[in-house]
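*Asks:* Let me see the structure of the following:
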Amino acid sequence: MCPLTAEATQRALDELQDRPLNFDPAERPTWTADAGWRIDDYCQPLPGEAPGQPQPGGPWARARQLLRNYEFADPRVVRAIYDPGGPLEGRNMLLEVHFWGLTFRLGVRVSGVTDEVRRVEAREVRVWGWSYATLQGHFETGQMDYEVWKWLDTGAVEFQIHVVSRASRTGNPIIRLGLRLFGRREQVRFAKRACERMASLVGGADEQGRPGES
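*Replies:* As a prediction, this is how the structure comes out:
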């Protein structure tokens, strides 16, 4: 698949504006393993900082910025195209996914932003993150949640990914067969590489707090 021109990229993003989700949001409570959904959780420790609220320019703040800009994803596997000037919540994203030597362009939409202090087993943790849901035409159905956590009592920082997904029932039957054979492996590879890259970028920041190169 050839690279998109600037005009074609804008048209593709505009087209996502009216594209619906490829699932009924009211059915989310039924997304269980028993119903055929894959549910995955990943937790990547990041460099810590002093206890208390996140420090300006510290590991949590750097991870938050990388997360906001989708820089944690390995661009050799997935590249996100979106309008950086728009709000995060409701952002439409065109994901260029590379595997099998092919490129697939798939639409997702940011469906929620989290910014809160949670209490987990009598401990407080500062959490920031966002979720995206799959749009019509995506070869998977579901949602991915990305969050950066800071435990306020110890200063430990983590990057967490939560995935609920299953293969879409629409699309090219050959692609669907390929996904059944290889898609799971590629999905796990993406998440593990995202965790490794986030750790590398946060840990490689220079003294001014700018992420280093992976």
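*Asks:* List the strands paired with the helix or strand encompassing residue 127, with their directions.
*Replies:* Applying DSSP states H and E as the criterion places residue 127 in strand 123-134. Sheet pairing of strand 123-134 (DSSP bridges) gives strand 102-120 (antiparallel), strand 140-151 (antiparallel).
*Asks:* what would the ones you listed look like in TSV with distance to residue 81 and mean neighbour count?
*Replies:* Glycine gets a C-beta too; all of them are placed from N, C-alpha and C. What follows is the strands paired with strand 123-134, written out as TSV (distance: least, CB to CB, whole Å; neighbours: other CB atoms under 10 Å):
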stretch	distance to residue 81	mean neighbour count
strand 102-120	8	15
strand 140-151	17	21
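*Asks:* Can you list the buried residues in the longest helix along the chain?
*Replies:* Criterion DSSP state H: the longest helix present in the chain is helix 184-203. Buried residues in helix 184-203, defined by neighbour count with 16 or more other CB atoms under 10 Å: 186, 187, 190, 191, 193, 194, 195, 197, 198, 199, 201, 202.
*Asks:* Would you confirm that the third one contacts residue 78?
*Replies:* In other words, residue 190. Yes: between residue 190 and residue 78 a contact is recorded at 6.2 Å, counting by CB atoms under 8 Å.
*Asks:* so where is this structure shaky, pLDDT-wise?
*Replies:* 1-3, 100, 170-183, 205-214 (pLDDT under 70).
*Asks:* and if we set it to 50?
*Replies:* 178, 181-182, 206-214 (pLDDT under 50).
*Asks:* I'd assumed residue 129 was in contact with residue 116.
*Replies:* No: using CB under 8 Å, residue 116 is not in contact with residue 129, being 9.8 Å away.
*Asks:* Contacts for stretch 45-57 next, please.
*Replies:* Stretch 45-57 is touched from outside by 58-61, 63-64, 126, 148, 150, 152-159, 198-199, 202-203, 208-209, with contacts defined as CB atoms under 8 Å, 6 or more residues apart in numbering.
*Asks:* ok, of the residues you listed, which come out buried?
*Replies:* 58-61, 63-64, 126, 148, 150, 155-159, 198-199, 202.
*Asks:* so which of the buried residues of helix 184-203 comes closest to residue 121?
*Replies:* Taking CB to CB as the measure, residue 121 sits nearest to residue 195 out of the buried residues of helix 184-203, at 22.8 Å.
*Asks:* Thought residue 161 was touching the closest one, still the case?
*Replies:* Yes: contact criterion CB under 8 Å: residue 195 and residue 161 qualify, at 7.0 Å.
*Asks:* Need the overlap of contacts for the two.
*Replies:* residue 42.
*Asks:* Once you drop chain neighbours, what's closest to residue 140?
*Replies:* residue 165 (5.0 Å; CB to CB, 6 or more residues apart in numbering).
*Asks:* Three-state assignment for that neighbour, please.
*Replies:* strand (DSSP: H, G, I helix; E, B strand; the rest coil).
*Asks:* Residue 158 - that's part of a helix, no?
*Replies:* No: looking at residue 158 with three-state DSSP, it is strand, so not inside a helix.
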